[in-house]
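In: with the input below, show me the fold.
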Amino acid sequence: MSEHRETHDGSHKVTLSPHLRAWFDSHRVWHLESVRVHAETRWIADGTPAGVSIFLVEAGGTRGRALQRGDAKILGGRLVGPDGARGLAHVLDWRLSSEELGAQGLVAEVVIEDYSVRSLSQTLKLDLQAFTISG
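Out: Predicted coordinates for the structure are as follows:
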């Protein structure tokens, strides 16, 4: 979106909409591994607080229960967690209930309230099948 206004001195006011995208640092993970949620922004000030929520993705592709909620901030156009590193860490050390056994993976939502923007990551596939020995 841009907004242009003519003034007497020939300058133009341009308003740029903020941009946000989120992703996991891996495409597939296994139980007890650790992953990080990353986000990249454009036209959002450094130090702006951001909220991150990680949800299960149920069998139908719908969002399930929240596994983790965390606070982070934007520095240099990137999401920085409380540990000072880029991204927010999540350890897969939880257990599924019997209703969630068909879960397919995780999805992360990053929200920056000050700019009214939110982004949903791609689905992170999880190896949640029972271990079997073939042969």
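
In: now tell me what touches the helix or strand where Arg69 lies from outside.
Out: With secondary structure defined by DSSP states H and E, Arg69 is part of strand 63-75. Identification of contacts with strand 63-75 by Cβ atoms under 8 Å, 6 or more residues apart in numbering yields 39, 41, 44-58, 79-82, 88, 90, 94, 100, 103, 106-107, 112. For glycine as for every other residue, the C-beta is placed from the backbone atoms N, C-alpha and C.

In: would you check the distance separating that strand from the middle of the chain?
Out: Offset of strand 63-75 from its chain centre (Cα atoms, centre = their mean, to the nearest Å): 7 Å.

In: list the strands paired with it, with their directions.
Out: Under the criterion DSSP bridges, strand 63-75 sits next to strand 49-57 (antiparallel), strand 78-80 (antiparallel) in its sheet.

In: using PDB, write down the CA coordinates of it.
Out: The C-alpha trace of strand 63-75 is given here as PDB (Å, rounded to 0.1, in the frame of the first residue of the first chain):
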ATOM      1  CA  ARG A  63      -4.900 -26.000  14.300                       C
ATOM      2  CA  GLY A  64      -5.000 -27.900  17.500                       C
ATOM      3  CA  ARG A  65      -3.900 -27.000  21.100                       C
ATOM      4  CA  ALA A  66      -1.100 -24.600  21.800                       C
ATOM      5  CA  LEU A  67       2.100 -26.300  23.000                       C
ATOM      6  CA  GLN A  68       4.100 -23.200  23.700                       C
ATOM      7  CA  ARG A  69       3.600 -19.400  23.900                       C
ATOM      8  CA  GLY A  70       6.600 -17.100  24.200                       C
ATOM      9  CA  ASP A  71       7.700 -13.500  23.900                       C
ATOM     10  CA  ALA A  72      10.400 -12.200  21.700                       C
ATOM     11  CA  LYS A  73      11.300  -8.900  20.000                       C
ATOM     12  CA  ILE A  74      12.500  -7.700  16.700                       C
ATOM     13  CA  LEU A  75      16.100  -6.700  16.200                       C
END
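
In: which parts of that strand are buried?
Out: Gly64, Gln68, Gly70, Ala72, Ile74 (16 or more other Cβ atoms under 10 Å).

In: now the strand or helix carrying Trp23: buried residues?
Out: Assigned by DSSP H and E, Trp23 belongs to strand 19-24. The neighbour-count check on strand 19-24 (16+ other Cβ under 10 Å) flags Leu20, Ala22, Trp23, Phe24 as buried.

In: before I go, just wanted to say thanks for your time.
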